[in-house]
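J.: Just a sequence and a predicted model for now, questions to come.
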Amino acid sequence: MSFFRSKKIMGFSAFLAMQLTLFACQGSDESSASAAAVYLPPADIVGNKTSPIGTNVGDIRDWISDQPFVDVFKTARPFSAHSSKSVTYDENGWPKQLNGGQADTYLLTELHRAGKKAIPLGLYTVLYEGKGKITYSGLGEVVGSGPGRDVLYIDNLNGTLSLTITKSDPADYIRNIRILMPGGICERDPFHHAASEEDCPDGDYRSYEEHHEEILFNPDYLRYMQSFRVLRFMDFMDTNDSGVIAWSDLTRFSEATWSGYGMDTGGAPIEVMVELANRLDADPWFCMPHKANNEYIRRFADYVRDHLEPGLKVYVEYSNEVWNSMFKQSEYAEQQGRLRKLDSDAFMAQMKYYSKRTVEMFDIWEKSFGGTKRLVRVMASHASNIDTSKTVLDFEQAWEKTDALAVAPYFGGDPEPFRSAASVDKIFKTLYSRRYSESFPSVEKDIQELGKLAKKYDVDLIAYEGGQHLVDWDTSEDNEHPNPLFYQANRDPRMGVLYYQYLQSWKKAGGKLFVHFSSPGRFAKYGSWGVMENLNQTPAEAPKYNAILTFIKENPRWW
């Protein structure tokens, strides 16, 4: 294969540039580069010490294919979402009295849609406290049972695990349910499962049943996360449309489940986010809820200050995409801006409030940390609307307290031209076309202009999200056109090549940290956001992931 010989001679970056130049000459006048089938060789998983890339961390739901925890019950739906109306609960969400009803929840929902390897198969151990009866249906078969302990054999992921408490002693009600993955880890290798003691020749086997509290994280999850310098917790915190106002609204570590399903105050406990950052030696990126009061922000900052490893920095952002009208935080900011008469134009008032509240948040964090040395103060904006970036930086000289302007330079965001596409080839041709307003060449121009703007204001240009945006919000079924073509495009090696080009253009334009969107997840009508479809795909099976790993390896952090 001449490809691999060429790579050894000149290096992959130079070889890819040469090939794309040749393809561009063969392409039509409307394209900046051809969508020809150039392949990236499979990359190795790398560490984050010199990584210029971050990852958005997905939300906690029963259907996610990037299960974060060895106790999979933590992703279950809250009992209150599906139980009988007669059921009452304790302060942690455990059904305290059934009152003639029953308590139901669901987890591991249809994970087969993300592939057969989404989570380990085998014997799952259920532990619980209290007296009563738990029944299971759907996934798994009960193969062992005793006081406070059941064993489920899960040999496939075709369905959903339903758990029902049918009887419970009010004086000693069923609580503290844990459903633990098979096996454990070797203590010296937290990135891989160990089936038994035989897999740990050094004698350091730690079973999930006995050590789940300290192990906490699924090794497959840690293995994926280890390549990224920054972990943006926007979805993990359930930032969008958040109802969080006070510190008491924050999810507690002791709660039955950490899923935000059907709630507006869900999301991961702060302890879990800080612990994940510490384990991976990665800088955390926190998004403060749009309604959060000053006490919430102060106590959040104080906790991070006291528990995050001192060598790590903290990225802080007010909410998420406050410019985006699809989220409640947008409406809230408009109301607050107009109430304060910040501008006669509604959108300008909205963005000026965003800027003002962001700076107020910066000040609280700065006071907590005793300065800004460990902080990266993020002002976010709309990538394709440079005037919005100017507004949020200019208002009351916000740029003076801002370290980074953050944008999300997605490509492929307008689905209209894809609705008539008959093939994946057409998808890629459009993504490279200069006639398409959200093509790679068009986004490349936006990035260049943003780079100039950031330099003018003396702030860093970073990406809070980014990547492909192939989704048609008007479709109602996963298999409705053009969705299947979008899934195919995301699995196509050409998407890996496009990602690599895209990241190189980001670097060339002066961009620094790039936080891609998002952690592994199945492809569906709501988008193909996952960098791979489940945690156990290899780079060779996931072109976006492969491209990112290749870029990390060949482009050590340049700032």
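T.: Everything's here; your move. Keep in mind that this is a model prediction, so the values were computed, not measured.
J.: Roughly how far does residue 200 sit from residue 86?
T.: 48 Å (Cβ to Cβ, to the nearest Å). Heads up, the C-betas are built off the backbone N, CA and C, glycines and all.
J.: Among the two, which residue is more densely surrounded?
T.: Neighbours were counted for residue 200 and for residue 86 using other Cβ atoms under 10 Å; residue 200 has more, 18 against 11.
J.: I'd assumed residue 186 was in contact with that one.
T.: Yes: assessed by Cβ atoms under 8 Å, residue 200 is found in contact with residue 186 at 3.9 Å.
J.: list the residues that contact both of these two?
T.: residue 194 (Cβ atoms under 8 Å, 6 or more residues apart in numbering).
J.: okay, how far is it across stretch 282-291, tip to tip?
T.: 27 Å (Cα to Cα, to the nearest Å).
J.: Adjust the sequence numbering to begin at 288 for everything that follows.
T.: Got it, first residue is 288 now, which makes that one stretch 569-578.
J.: Distance from the chain centre to it, please.
T.: Remark: stretch 569-578 is offset 13 Å from the chain centroid, using Cα atoms, centre = their mean, to the nearest Å.
J.: Tell me which residues of it come out buried.
T.: 569-578 (16 or more other Cβ atoms under 10 Å).
J.: and if you look at stretch 693-709?
T.: For stretch 693-709, by 16+ other Cβ under 10 Å, it's 693-699, 702, 704-705, 708.
J.: count of neighbours near residue 334?
T.: Neighbours around residue 334, by other Cβ under 10 Å: 13.
J.: Next: residue 477.
T.: Counted with other Cβ under 10 Å, residues neighbouring residue 477 total 17.
J.: where's it, which helix or strand?
T.: Following DSSP states H and E, one finds residue 477 within strand 476-481.
J.: avg pLDDT for the very next helix or strand once past that strand?
T.: Per DSSP H and E, strand 476-481 leads on to strand 492-494 as the next helix or strand towards the C-terminus. Strand 492-494 shows a mean pLDDT of 98.
J.: and strand 492-494, what does it pack onto?
T.: strand 471-473 (3 or more Cβ pairs under 8 Å, 6 or more residues apart in numbering; DSSP states H and E).
J.: So which other helices or strands are in contact with the strand it packs on?
T.: Packed against strand 471-473, as judged by 3+ Cβ pairs under 8 Å, 6+ apart, are the following elements: strand 476-481, strand 492-494, helix 495-502.
J.: Which one, of the ones you listed, ends up nearest to residue 621?
T.: Of all the helices and strands packed on strand 471-473, the one in closest proximity to residue 621, counting by Cβ to Cβ, is helix 495-502 (44.2 Å).
J.: got the angle for the closest one vs strand 476-481?
T.: 160 degrees (axes from the mean of the first three to the mean of the last three Cα atoms, to 10 degrees).
J.: Spatially, and excluding backbone neighbours, which residue is closest to residue 342.
T.: Of all residues not flanking residue 342 in the chain, residue 515 sits nearest, at 4.3 Å (Cβ to Cβ, 6 or more residues apart in numbering).
J.: do you know how far the one you found is from residue 730?
T.: 22 Å.
J.: what separates residue 353 from residue 480, distance-wise?
T.: Counting by Cβ to Cβ - residue 353 and residue 480 are separated by 15 Å.
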